[in-house]
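Colleague: Below are the sequence and a predicted model for it; my questions follow.
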Amino acid sequence: MASDKQIKSIRNIGIIAHIDAGKTTLTERILFYTGKTHRIGEVHDGQATMDWMPEEQERGITITSAVTTCYWKGKEIHIIDTPGHVDFTIEVERSLRVLDGALGVFCAVGGVEPQSETVWRQADKYKVPKMAFINKMDRMGADFNRVIQELKERLNIHPLILTIPLGAEQEFQGVFDVIKQCLIQWDDATEGMEFQELPVPDEHREQIAQAKEELLEALAEVDDEIMEKFLSDEEITDKEIHASIRKACLSLKGVPVFCGSALKNKGVQPVLDAIGRYLPSPLDIPPVKGINPKTGKEEERPASVKAPLSALAYKIQMDGGRKMTFVRVYSGIMTAGGEVWNATKEKTEKIARLLHMHANKRERIKEAGAGQIVAVMGLKLAGTGDTLCDHEHPIILEAIDTYQPVISVAVEPATSGDQDKIDAALNKLAEEDPTFRVKLDEETGQTIISGMGELHLEVLTHRLSREFNVPVRVGRPQVVYRESITVPAKVEELFDKEIGGTRQAATVVLEVTPRERGAGNLVRSELPEEHLPEGMEELLLETLEQGLESGVVQGYPLVDIEVVLKDVTYEEGTTTEMALRAAASMGLRKACEQASPVLLEPMMRVEIIVPEEFLGDVIGDLNSRGGKVEEIEPRGAVQVLKATVPLSKMFGYSTALRSATQGRATFTMVFSHYDPVEE
C-alpha cells in the first residue's frame, strides 16, 4: 500500500539536451550504478537500454521518451530520457509537463546548443527546477569555463558550481567536490562503480577553496540567511549549504552544475546524490490545479494518497497492436482491475494492468499512488492530455500543448489492396503522436501525412513497414492550386442545336467580376420575377456554381468570383432545360477566358525565430523562395521574422533552415491565402 511518507522519497526527473550531448549515455550509467542494469549499454553499439526502438538503434538517437525507475540511497527515481532532435519536440514537451525536475546535459565542446536552448525554455515554461551536467570533459576541445559562461548568457541561469574538472580532454582525471573540498577519482577497472575521495593536491588547493568562496557568494545572492552569515564571517556548515542549494533550486533561483564524462564513467555519482538532495519530490511542488467540470471552479489536488484520484495521460504508445497509456498520478491511488473516470471524454474506463516501465521492459504492480509515473493497459479512449480521476470528485487538469505540423508528404501502399491496412496503421500512429496528422486530399485522392520535419515523417513511414507490415511509397505532396480572374467580363451565349429531331435553343447573358482575395464565390441572378418557368432560375444558378469547380487555365477550382445572371431569352417549346444548362456553362467558360484568368498558389504564413547573427542569411533565403518579409520583431537574443512564402517553395525548408542557422532557428507555418503564381 502506497503511503504519503513514500512520496517524499520520489523524484520524477527528465534528462533533457541537444542531440548528441550524451543524455542516453548518462542514463545508462545511472541505471548501472543504481543496480538497475548489470552491464552498460552503449549508444554507439546500438545497445543502449533506453534506445530500444530499432529506429533509435540504427540512427544512434533517441526518438521516443523512455521511462524507467531506479533507486539510489533511499530515493525512488523515475527517469524519462527525452529526445534531443527538434522533430521530436512534443516528446520533451509532454514529458516536462508531468515531471517535477530536470537534468540538462551539455556537451563540454558544443556548449549550449540550439535544441538545448529550446528544451531549457520548455522546462522554464513549466517552472521545472533544473540541474546541469557538463558532459564529455574528455573530448578534444572541452572547455568547462566557456560552457559556464554560455549557460549564463544564453540561458540566463545563476550557476551553483558543485564539481570542477581536474584536467580536460585526454588529461581529464576526475572532479573536485567544491563543498567537501576533496578530489574524486574513479576506478576504471570497475567501470566507475568504485571511486575514491582524496585530499585536494597542493597545486589546486587555492583554486578549489576559491570555488567554495564563489559558491557561497552565489548562494548569498539568492539566500538572505547565507548572506548574513557570509558577511559576518560566520561559519556556514555543509548541511546549511546543501539546504540553501535545495532552496535555490526549488525556487528556480539557482542551478546546481556538475561536470564529468559519462562515457568514461566519471562524475555520475555526485549527480545521483544531487538528484535526491536538491530536486523536488512531488510534495515540494505546488498542488496540481484543475477545473471541476460540474461547478466550473478551479480546485487543487495535494500530492497525497488520501486525496481523490487525479492523473494525467501524457503519452500513448502502441504495444504489439495494443494501447499502452503512460500516466502521471498526482493524487490518490490507481488500482489494477479498478475503474477510473476519464473526465476529458466523460466516460468510465477500466484499468486492466498497471506496469512499472524500464524502457520497453515492464513489471506488473497492483497499485500506483500519488507522485508515481506508470503505464496503464486497458484504457480504450484515453488520449494525450486526458485527465483520469475519481467519478465522485471530477477534475480536468491542464492539457498538454501540441505543435502544428510544418511538413507534409503523400503516401500510398506499395501493393494495391493495402489501403485499409495503411489507414488503420496511420490512425494508430496519429493516436500516439499529437504532432502527426493524416488526411485524405479530396481533390487528388492522396493520403497526406504531416509532421514536424523530414526525419519525423521518415521515422513514421519506416515504422509503417517495420511494425505494421505495410510498406509504403512516399511522394512529394502535390500543391493544389486555384484559379481566378483579374478583370470583369460580360458575354452573351447562344446555344441553338437540333438534337434528336428537335430544336433546342437558349440565350444567356452573364457578367463575371473579380472579388477580394479570400472573399469566396458569389452566384446571383438579376432576372425579373417570373421571367422563367418555376425551377428554371434555380437550375441555372446551380449550373453556374458547378461550372466554377473547374477553371479555364489548368482545370483547378475557380475562387473569388462574382457571377451575375443578367438576362435569359426564353422561347416556349424550344428553350429546354438542357439548352439553358449548356448556354450557362459555355457562357461562364467564355466569360472567364475573357476576364484575364490567373493561376493562384497557396501562400503560407511563416514565423521564424532566429538568433540575430543568422537573420541576414534567413532573409536572403526567403527572398530566393519568393517570400515577402512582413515584420521583424526583436525578442531578447533572438529575432522573430514573419513572412508569407509560396507553399511550393517550402518543401525541404526545415532542413535548409537548420543548415543555414546551425540548427538554432525554429519555424512554424500555416496557410494564409491564395496569390497569383509569379512567372
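Modeller: Looks like it came in fine.
Colleague: partners of the spatially closest residue to Leu99 that is not a sequence neighbour in the sheet?
Modeller: Leaving out its chain neighbours, the residue that sits closest to Leu99 by C-beta to C-beta, 6 or more residues apart in numbering is Gly14, at 4.5 Å. In short, each C-beta sits where N, CA and C put it, glycine included. Going by DSSP bridges, Gly14 is paired in beta bridges with Ile80, Ala102.
Colleague: So which residues of the stretch 1-150 of the chain form strands?
Modeller: Secondary structure of the stretch 1-150 of the chain by DSSP state E, counting those that start in this stretch: the strands cover 10-16, 66-72, 75-81, 101-107, 130-135.
Colleague: what number of residues lie near the residue nearest to Leu99?
Modeller: Gly14: 27 surrounding residues under other C-beta atoms under 10 Å.
Colleague: what pLDDT does it get?
Modeller: pLDDT recorded at Gly14 is 85.
Colleague: SS state for Thr461?
Modeller: Under DSSP: H, G, I helix; E, B strand; the rest coil, Thr461 falls in the helix class.
Colleague: Residue ranges in the stretch 351-500 of the chain under the pLDDT threshold?
Modeller: Scanning the stretch 351-500 of the chain for pLDDT under 70 picks out the ranges 358-361, 400-407, 434, 442-444, 452-455, 476-480.
Colleague: now stretch 661-669: mean pLDDT?
Modeller: For stretch 661-669, mean pLDDT is 79.
Colleague: try stretch 565-577
Modeller: The model assigns stretch 565-577 a mean pLDDT of 87.
Colleague: before we move on, what about stretch 273-285?
Modeller: Mean predicted lDDT for stretch 273-285 stands at 93.
Colleague: First residue to last residue on that stretch, what's the distance there?
Modeller: End-to-end distance for stretch 273-285: 20 Å, by C-alpha to C-alpha, to the nearest Å.
Colleague: Also stretch 301-311?
Modeller: OK, stretch 301-311 end separation, C-alpha to C-alpha: 10 Å.
Colleague: Mind jotting down where the helices sit in the stretch 51-200 of the chain?
Modeller: 54-59, 89-98, 114-125, 144-155 (DSSP state H, counting those that start in this stretch).
Colleague: Sorry, wrong one. I was asking about the stretch 451-600 of the chain.
Modeller: 454-468, 536-547, 577-594.
Colleague: Need the ones you listed in CSV (columns: distance to Glu493 and mean neighbour count).
Modeller: Below are these laid out as CSV (distance: least, C-beta to C-beta, whole Å; neighbours: other C-beta atoms under 10 Å):
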stretch, distance to Glu493, mean neighbour count
helix 454-468, 48, 19
helix 536-547, 12, 17
helix 577-594, 3, 21
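Colleague: starting at the chain centroid, how far to stretch 539-549?
Modeller: Centre-to-centre, stretch 539-549 and its host chain are 44 Å apart (C-alpha atoms, centre = their mean, to the nearest Å).
Colleague: quick one: contacts of it?
Modeller: For stretch 539-549, the external contacting residues (C-beta atoms under 8 Å, 6 or more residues apart in numbering) are 508, 510, 521, 523-525, 532, 557-558, 561, 563, 565, 568, 577, 580-581, 584-585, 588-589.
Colleague: where among the strands of the stretch 1-150 of the chain is the average confidence lowest?
Modeller: Among those, strand 66-72 scores lowest, at a mean of 80.
Colleague: Taking strand 75-81 as reference, get the angle to that strand.
Modeller: 150 degrees (axes from the mean of the first three to the mean of the last three C-alpha atoms, to 10 degrees).
Colleague: Which parts of strand 66-72 count as buried, going by neighbours?
Modeller: Ala66, Val67, Thr68, Thr69, Cys70, Trp72 (16 or more other C-beta atoms under 10 Å).
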